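J.: structure for this input, please:
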Amino acid sequence: MRYALISDVHANLPALEAVLADIDARGDAQAIYHLGDLVGYAPWPNEVVALLRERGIVGIAGNYGSTTATDYPTAAARPTAPAVRNCPTSPTSGLWSTSLPSPSGSSGRCPSGWT
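T.: Predicted structure coming up:
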C-alpha cells in the first residue's frame, strides 16, 4: 500500500492544490495524510482546512494549528507573530484544528517543561 504524506502547508492553498493534483495524477496513493502545520504564513488558512476536510484527508496537529486555534503559545509559533495574527482561522477551522490528535499526546501543546 502506498501513502502520500503532506506537511507544513502553512495556509498556502495554491501549493496544496498543486501537490494534491500531482498525487491524484500519479494515481498510486491509496491514502493521503497530513502531518500538521496547515495554517500560518500564507493568507488561506480556512480554505486549506476546508479542502482537506472536503477530501477526507486526516492527520495530526502541528504547532501552528494548535496556536491559531487555542492562542496557546507553543515553542515555535506565537499567537502574536504577524503570520498568525494577520490570517486568523474561522471558528469552524479552529474547532477542526483542535480536534486533531497531537504527536505529543497533549492536544497540540508542548510537553511539560518545554517553552
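J.: thinking residue 12 is in contact with residue 43, fair?
T.: No - with contacts counted by C-beta atoms under 8 Å, residue 12 stays clear of residue 43, the gap being 9.1 Å. C-beta: built from backbone N, CA, C; applies to glycine.
J.: neighbour-wise, which of these two wins?
T.: residue 12 (20 against 12; other C-beta atoms under 10 Å).
J.: I'd like the next helix or strand past the helix or strand encompassing residue 18.
T.: When elements are assigned from DSSP states H and E, residue 18 belongs to helix 13-26. Counting by DSSP H and E, the next helix or strand C-terminal to helix 13-26 is strand 31-34.
J.: residues making contact with that next one?
T.: When contacts are defined by C-beta atoms under 8 Å, 6 or more residues apart in numbering, strand 31-34 is touched by residues 1, 3-7, 9, 20, 23, 52, 55, 57-60.
J.: from the residues you listed, keep the buried residues only.
T.: 4, 6, 9, 20, 23, 52, 57, 59, 60 (16 or more other C-beta atoms under 10 Å).
J.: now residue 28: closest residue in space that isn't a chain neighbour?
T.: Nearest residue to residue 28, sequence neighbours excluded (C-beta to C-beta, 6 or more residues apart in numbering): residue 2, at 5.1 Å.
J.: hang on, isn't that neighbour packed against residue 27?
T.: No - using C-beta under 8 Å, residue 2 is not in contact with residue 27, being 10.0 Å away.
J.: can you pull out the helices in this protein?
T.: Here the chain has its helices, by DSSP state H, at 13-26, 45-55, 63-70, 82-85, 91-98.
J.: was I right to think residue 48 contacts residue 15?
T.: No - because the distance of 9.5 Å does not satisfy C-beta under 8 Å, residue 48 is recorded as not touching residue 15.
J.: which residues are in contact with each of residue 2 and residue 27?
T.: By C-beta under 8 Å, 6+ apart, no residue touches both residue 2 and residue 27.
J.: could you identify the most distant pair in the contacts of strand 31-34?
T.: Using C-beta to C-beta, the contacts of strand 31-34 span at most 23.3 Å, a distance reached by 1 and 9.
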